[in-house]
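Participant: Show me how the following folds:
(chains A and B)
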Amino acid sequence: NAGVTQTPKFRVLKTGQSMTLLCAQDMNHEYMYWYRQDPGMGLRLIHYSVGEGTTAKGEVPDGYNVSRLKKQNFLLGLESAAPSQTSVYFCASRSRVDGTEAFFGQGTRLTVV
Amino acid sequence: SQQGEEDPQALSIQEGENATMNCSYKTSINNLQWYRQNSGRGLVHLILIRSNEREKHSGRLRVTLDTSKKSSSLLITASRAADTASYFCATGGYNQGGKLIFGQGTELSVKP
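Facilitator: Alright, predicted model coming up:
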């Protein structure tokens, strides 16, 4: 099984450009998450979804939008990229059964110049 | 602000020594999980402890939970160079609406 797959793995954007990060999971998980990781800041939750068609804001949602049209996919969009969004982005998924572990993708390294 | 906060932020020890990392959280939880991250890679789940448990073991890992103090600790015994990584605690549960919140992590360096 592939588990959680993130696309792309690396990307360089110019300020003001837009892009979409794709997260796909093949474990039939209900919950999916997008995090960003910056040096010394740990993982900060951007948005999450508890099911197909539902999304919710996390700790740092500003400047990002998400969609969960299909259960297996969770998209993270940057409408107008800013240098402050330079980061490593991680997607994760887990079952809605309480106490289950989350599975992570390998990350997307995004640089905004 | 983040739910879980790790302490210390960085820890350097010699192979064979024990490593202890602490995590504090702010709200009531159903469970607390510990994850490991090797440099630049995704996180991998290590162990989960439920709110009605006080201690749990898995191989060289020992986790404790004190809900009255809203804190947890992860002990790695007889550490190895391969244990060098960052370690994160995470809290989540039904009472958090599906959220899974991570702390800032402890960067562990084990010197051979």
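Participant: Show me what from chain B comes close to chain A.
Facilitator: B:2, B:6, B:9, B:30-31, B:33, B:35, B:40-45, B:48, B:50, B:88, B:90, B:93-94, B:97-105 (CB under 8 Å from any CB of the partner chain). C-betas here are computed from N, CA, C, even on glycine.
Participant: Where does pLDDT dip in chain B?
Facilitator: In the predicted model of chain B, residues B:1-4, B:93-96 satisfy pLDDT under 70.
Participant: all strands of it, in order?
Facilitator: B:5-7, B:10-14, B:19-24, B:31-37, B:43-50, B:55-58, B:61-66, B:71-76, B:85-92, B:100-102, B:106-111 (DSSP state E).
Participant: Mean neighbour count added to the ones you listed, as TSV?
Facilitator: Below are the strands of chain B laid out as TSV (neighbours: other CB atoms under 10 Å in any protein chain shown):
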stretch	mean neighbour count
strand B:5-7	19
strand B:10-14	14
strand B:19-24	20
strand B:31-37	24
strand B:43-50	19
strand B:55-58	12
strand B:61-66	18
strand B:71-76	21
strand B:85-92	25
strand B:100-102	26
strand B:106-111	18
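Participant: can stretch A:56-75 be found next to chain B?
Facilitator: Yes. Using CB under 8 Å from any CB, stretch A:56-75 reaches chain B at A:A56, A:G58, A:E59.
Participant: can you redo those residues as a markdown table with pLDDT?
Facilitator: Shown next, in a markdown table, are the residues of stretch A:56-75 next to chain B (pLDDT from 0 to 100):
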| residue | pLDDT |
| --- | --- |
| A:A56 | 95 |
| A:G58 | 94 |
| A:E59 | 92 |
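Participant: May I see those residues organised as a markdown table, with neighbour count added?
Facilitator: Formatted as a markdown table, these follow (neighbours: other CB under 10 Å):
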| residue | neighbour count |
| --- | --- |
| A:A56 | 14 |
| A:G58 | 20 |
| A:E59 | 17 |
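Participant: In this structure A:M19 contacts A:E79, no?
Facilitator: No. With contact defined as CB atoms under 8 Å, A:M19 does not count as touching A:E79 (9.2 Å).
Participant: Just the residues of stretch A:56-75 next to chain B: which are in helices?
Facilitator: Under the assignment DSSP state H, these contribute nothing to helices.
Participant: higher neighbour count, A:M19 and A:E79?
Facilitator: A:M19 (16 against 12; other CB atoms under 10 Å in any protein chain shown).
Participant: so what's A:G99 up against?
Facilitator: Counting by CB atoms under 8 Å, 6 or more residues apart in numbering or on different chains, A:G99 makes contact with B:N30, B:N31, B:L48, B:R50, B:G93.
Participant: quick one, phi psi at the first one?
Facilitator: By that I understand B:N30. Main-chain dihedrals, B:N30, degrees, to the nearest 10: phi -90, psi -30.
Participant: ok so, going back, from the residues of stretch A:56-75 next to chain B, which ones fall inside strands?
Facilitator: Per DSSP E, the subset of those in strands is A:A56.
Participant: quick one: which of the residues of stretch A:56-75 next to chain B is nearest A:K70?
Facilitator: Nearest to A:K70 among these is A:A56, at 17.5 Å by CB to CB.
Participant: is it true that that closest one touches A:H47?
Facilitator: Yes. Using CB under 8 Å, A:A56 is in contact with A:H47, at 6.7 Å.
Participant: in what helix or strand does A:R44 lie?
Facilitator: strand A:42-51 (DSSP states H and E).
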